[in-house]
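In: Next come a sequence and a model predicted from it.
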Amino acid sequence: MRKGISLTFFFGLLIGGMAALIIWYYQKSTSAEEGALALLDRLADVDRRWRQTREQPTSTATPAPLRIPIQTPATDETPAFLRRPVITDTAVPDDLTRVNGIGAVFAARLQAQGIDTIAKVKALSATQLAEVLQTTPARAENILAAAQAV
């Protein structure tokens, strides 16, 4: 009797294991197909967007040259209505990306705040620079040290 029960148990376990294996394999294969189809859809979408950007004309316009008004001081012979104040601030904005640690994004943030020369960057404290650049004070200190070296 004991031999018959163990044989029945063994066959039941074998049939149950095979059924579980078949169900697992079926679910694995269908989920892999769905994943592959989703991946192909994403690939087709990326390809479509890439073709659209390739077909769009690019702008080849060059930026207008920087014009700095320089005036000569008026002499005593110049009539009063023609006299204009002398413009002394003729500083050309520096390329802030020359400073190690300042890239295009940080340069844009600085210029948006009116900081367009390296001398103005050097005049800031680390906390002020960190606030403008929206970064940590330690990184701002490194940028200030690099600005001093330029």
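Out: That came through, no problem. Numbers count the residues shown, from 1 in each chain.
In: What segments of the protein are helices?
Out: Ranges of helices in the chain, per DSSP state H, are 2-55, 104-112, 118-122, 126-133, 137-149.
In: Going by mean pLDDT, which of the ones you listed comes out lowest?
Out: With a mean of 82, helix 2-55 has the lowest mean pLDDT of the helices of the chain.
In: returning to that earlier point: want to try TSV for the helices of the chain, with distance to residue 93 and mean neighbour count as columns?
Out: In short, each C-beta sits where N, CA and C put it, glycine included. Output for the helices of the chain, formatted as TSV (distance: least, Cβ to Cβ, whole Å; neighbours: other Cβ atoms under 10 Å):
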stretch	distance to residue 93	mean neighbour count
helix 2-55	31	10
helix 104-112	7	15
helix 118-122	10	17
helix 126-133	16	17
helix 137-149	15	16
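In: Any chance of a markdown table for the ones you listed, columns distance to residue 95?
Out: As requested, the helices of the chain are exported to a markdown table (distance: least, Cβ to Cβ, whole Å):
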| stretch | distance to residue 95 |
| --- | --- |
| helix 2-55 | 28 |
| helix 104-112 | 8 |
| helix 118-122 | 9 |
| helix 126-133 | 17 |
| helix 137-149 | 12 |
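In: domains of the protein?
Out: Per automatic domain parsing, the structural domains of the chain span 1-55, 92-149.
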